[in-house]
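**Student:** using only what follows, build the 3D model:
(one chain, ligands or ions: 1)
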Amino acid sequence: MRILTLLATLAFSAPAIAGPNDIVRPYPAQQVSAGTYVIHGPQGVPSVDNQSFMNNPAWIITTEGVVVIDPGSSVQAGRMVVAQLRKTTNKPVTHVFNTHVHGDHWLGNHAILDVWPKATIIGHPDMIQQAKDGAGAFWLKLMSDMTGGYTAGTRAKIPTVAATDGQEFRIGGKTFRIHSSTDAHSKTDLMIEIVEDRILFTGDNVLNSQVMNLRDGTFKGILKATELALSLNARLYIPGHGKSDDRKFVEAHKAWFDILLAEVRRMYDEGMSDFEMKPVLVEKLKAYKDWEEWDVNLGPQISLAILEVEQE
Ligand SMILES: [Zn+2]
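**Tutor:** Here you go, the predicted structure:
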């Protein structure tokens, strides 16, 4: 009889039991400001080792409910975010902001909607369009391929509310002000300012100690967004990847792009090719040689900068 009860209990609870592929290994949430938490994910590209998880999911607890920003790269990563979020509050998630179309930031929406189906998901209008036009499917496949199929079962839950530049969302006593652009990191980027707390979520327009993959963006747009971020004079900057901190890392991020662009311009005018430019830039940028993704992204950034300088 006891065995039967046990079996019945297991049968009923089976869908809630997480198997090895159902949730990524936990990462701690850090309280970075009163009621604001960030899980600083590992830096790098999706892999079997990181189980796809490599961004900075965050949540803000308001008087009405919880606002999530970028719940991760897969339903499995999103479930981990939900589990950590629930250790900090019993309130429901009412809103989710997605900073841009890259799947490491938003495919975790699936896990949020599984638990809070009425949550409103907000993104850049061009992100919504691109996700519908194939970027959703592209990122689902990329995540699965790069993790050896770990993210299987994830579905692309695309935002249903488009945010415009300057728009303010008043949620539970806080003002979430949108700073959007169409030519920065992914051309679908939102930065989100919590006005009362002087916190800026930069998305991937600003990274901390990481060389950016800029294949979907422009140098001009990144510099404009970074200058805007600095002009907002936030107390705390929360980047898409890397640690949250004060404005110093934002200034370093700007310095990298200022140096790279000025040097590429100068050498382009001298008729140098990209492979001749690289050793010069390795020297000029040596203060940043410990940044993540240096080996992967410095070369492509030089090629992309040449293409952009050619258009000037
Ligand atoms: Zn990105």
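**Student:** excluding its backbone neighbours, what's nearest residue 175?
**Tutor:** The shortest distance from residue 175 to any non-neighbouring residue, by Cβ to Cβ, 6 or more residues apart in numbering, is to residue 195 (4.1 Å). Placement of C-beta: from N, CA and C, glycine included.
**Student:** also residue 278?
**Tutor:** Nearest to residue 278 is residue 302, by Cβ to Cβ, 6+ apart, at 6.0 Å.
**Student:** quick one: secondary structure of the one you found?
**Tutor:** helix (DSSP: H, G, I helix; E, B strand; the rest coil).
**Student:** tell me how many other residues surround the residue of the stretch 151-300 of the chain at minimum distance from the ion.
**Tutor:** Residue of the stretch 151-300 of the chain nearest the ion, by Cβ to the ion: residue 204 (3.6 Å). Residue 204 has 29 neighbours, counted by other Cβ atoms under 10 Å.
**Student:** what does residue 294 give?
**Tutor:** So residue 294, with other Cβ under 10 Å, has 16 neighbours.
**Student:** now swap in residue 273 and tell me
**Tutor:** 11.
**Student:** tell me the pLDDT of residue 287.
**Tutor:** Listed pLDDT for residue 287 reads 97.
**Student:** point out where the protein drops to low pLDDT.
**Tutor:** Applying pLDDT under 70 to the chain flags the ranges 1-21.
**Student:** so which residues on it come close to the ion?
**Tutor:** Contacts of the chain with the ion, taken as Cβ under 5 Å from the ion, map to 102, 204.
**Student:** for the chain, which strand is longest?
**Tutor:** strand 174-181 (DSSP state E).
**Student:** can you get me a residue count around the residue nearest to residue 113 when sequence neighbours are not counted?
**Tutor:** Distances taken as Cβ to Cβ, 6+ apart place residue 157 nearest to residue 113, at 5.4 Å, with adjacent residues excluded. When counting by other Cβ under 10 Å, one arrives at 24 neighbours for residue 157.
**Student:** contacts only, for residue 157.
**Tutor:** 106-107, 109-110, 112-113, 121 (Cβ atoms under 8 Å, 6 or more residues apart in numbering).
**Student:** list just the nearest of those residues to the ion.
**Tutor:** residue 106 (10.1 Å).
**Student:** next one: phi and psi at the closest one?
**Tutor:** phi -130, psi -10 (degrees, to the nearest 10).
**Student:** who's in contact with the nearest residue to it once chain neighbours are set aside?
**Tutor:** Excluding the flanking residues, the one nearest residue 106 by Cβ to Cβ, 6+ apart is residue 98, at 4.0 Å. For residue 98, the contacting residues are 69-70, 105-106, 109, 121-124, 127, 159, 190, by Cβ under 8 Å, 6+ apart.
**Student:** 6 Å - rerun?
**Tutor:** Counting by Cβ atoms under 6 Å, 6 or more residues apart in numbering, residue 98 touches 106, 123, 159.
**Student:** also residue 146?
**Tutor:** residue 46.
**Student:** distance of it relative to residue 113?
**Tutor:** Residue 146 is 24 Å from residue 113, where distance means Cβ to Cβ, to the nearest Å.
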